[in-house]
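1. turn this into a model:
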Amino acid sequence: MIIQLSKAITSMEKEAIVSQIGGLGYKSNEVKTQYGNYLVAIGKKEFDIRKLGIMPGIADIHRVSDDYKLVSRKWKVSRTIIDLGDDVVIGDGSLAIMAGPCSIENEKQIESTINHLKANGVRIMRGGVFKPRSSPYAFRGLGVEGLKLWYSLAKKAGIKIISEVMQVSQIAAMHDYVDIFQVGARNTQNFNLLDELGKVDKAVMIKRGISGTIEELLYSAEYVFSAGNEKLMLCERGIRTYERASRNTFDINAIPILKEKTHLPVIADPSHGVGIREYVEPVALAAAVAGADGIIYEMHEKPEEAFSDSQQTLDFMESSILIKKLKLLHQLDSVI
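-> Predicted coordinates:
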């Protein structure tokens, strides 16, 4: 059960509500976010929620059977819209495109990527400065100094930044230089990290775990929301299966299922989803048709020279073609 509290609620009214909830055999948990104040009540006893809903201080009340209550669509009819400022919005019915290299490498690379994005009307650049790599000897990113350089160049160009945060200690250092914190597949169940990201007033995109279920992804989002951050989006990035024809198996089913289960925007990552350059475009287009609110993919001026993930990275020409097709497809879908 989710109880939305009135903005003008008094302490006495709140105490009375909590007492009433306890009397019904439910345990209440207060959640304060950027946009609202809620009581999440956990219990199994059946009762007429209208008797509770008429109490002073309650703006609305919803019965939600899902364990992931706050991110469930059962209580929030309108979909979550994330406004990054400067007319960059995700989840409003438009198709957000986020593109960039796997790893931020140097100033020249940042500048060429920004110029490519601007030429193609893309406002969000992805890139890693802390890279979780399978091998400890692989390139592991430029760190905060690389992020600061990237931020200074992107801000001048009106480009927003999404970058992966890997541990709690990095949040404060990255905070002023990113617009979206990305939680990677390896950290989807790093609950300490999720709790801390719930305390920041920045957008967060959570990727599905390498072998994670849809339900587990929703639980991860619930951690962030329950800690106070409603600026959330989910990302389907493929899962590890017994199939060996591609790096991962992109779960196209996850997109409409997530759209039905949650009010949060759903983003698709075809680069990691398939892991093979020539298949990134068709998977991206399929994800858009399936209802994704955005596409995030990897691209580089010279993929063969990229410090990481070159095998799944598009070059600038391939990227331009994909962007054009995605925009045309979205226009057609809007008409239909």
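
2. please state the backbone phi and psi of the closest residue to Leu153 other than its chain neighbours?
-> Nearest non-adjacent residue to Leu153, counting by Cβ to Cβ, 6 or more residues apart in numbering: Ile110, 5.2 Å away. From N, CA and C alone the C-beta is placed, and that goes for glycine too. Here is the backbone geometry of Ile110 (degrees, to the nearest 10): phi -60, psi -50.

3. contacts only, for Ile110.
-> Ile104, Gly127, Leu149, Trp150, Leu153, Ala154 (Cβ atoms under 8 Å, 6 or more residues apart in numbering).

4. try it again at 7 Å.
-> Ile104, Leu149, Trp150, Leu153 (Cβ atoms under 7 Å, 6 or more residues apart in numbering).

5. work out for me the element the third one sits within.
-> Counting by DSSP states H and E, the element that carries Trp150 is helix 143-157.

6. distance between the worst-scoring helix or strand of the chain on mean pLDDT and the chain's centre?
-> When the helices and strands of the chain are compared on mean pLDDT, DSSP states H and E, helix 49-53 comes out lowest with a mean of 88. Distance, stretch centre to chain centre, for helix 49-53: 34 Å (Cα atoms, centre = their mean, to the nearest Å).

7. now do the phi/psi pair for Ala268.
-> Per degrees, to the nearest 10, the backbone of Ala268 is at phi -110, psi 140.

8. show me what it is bridged to.
-> Beta-bridge partners for Ala268, by DSSP bridges, are Glu236, Ile295.

9. in the protein, where's the longest helix?
-> In the chain, taking DSSP state H as the definition, the longest helix is helix 316-335.

10. show me where the stretch 1-150 of the chain dips below the pLDDT cut-off.
-> Applying pLDDT under 70 to the stretch 1-150 of the chain flags residues 131-140.

11. phi, psi of the nearest residue to Gly212 once chain neighbours are set aside?
-> Leaving aside its chain neighbours, Gly212 sits nearest to Thr188 (5.7 Å; criterion: Cβ to Cβ, 6+ apart). When read as degrees, to the nearest 10, the backbone of Thr188 gives phi -60, psi -30.

12. ok, Thr188 to Val274 distance?
-> Separation of Thr188 from Val274 (Cβ to Cβ, to the nearest Å) stands at 19 Å.

13. can I get the contacts of Ile110 in CSV with distance to Glu301 and neighbour count?
-> Listed next are these as CSV, based on distance: Cβ to Cβ, whole Å; neighbours: other Cβ atoms under 10 Å:
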residue, distance to Glu301, neighbour count
Ile104, 13, 27
Leu149, 17, 17
Trp150, 15, 26
Leu153, 15, 16
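
14. quick check: what element follows the helix holding Trp150 along the chain?
-> Past helix 143-157, the next helix or strand by DSSP H and E is strand 160-164.

15. partners of that following strand, with directions?
-> Strand pairing (DSSP bridges) places strand 160-164 next to strand 124-126 (parallel), strand 180-183 (parallel).
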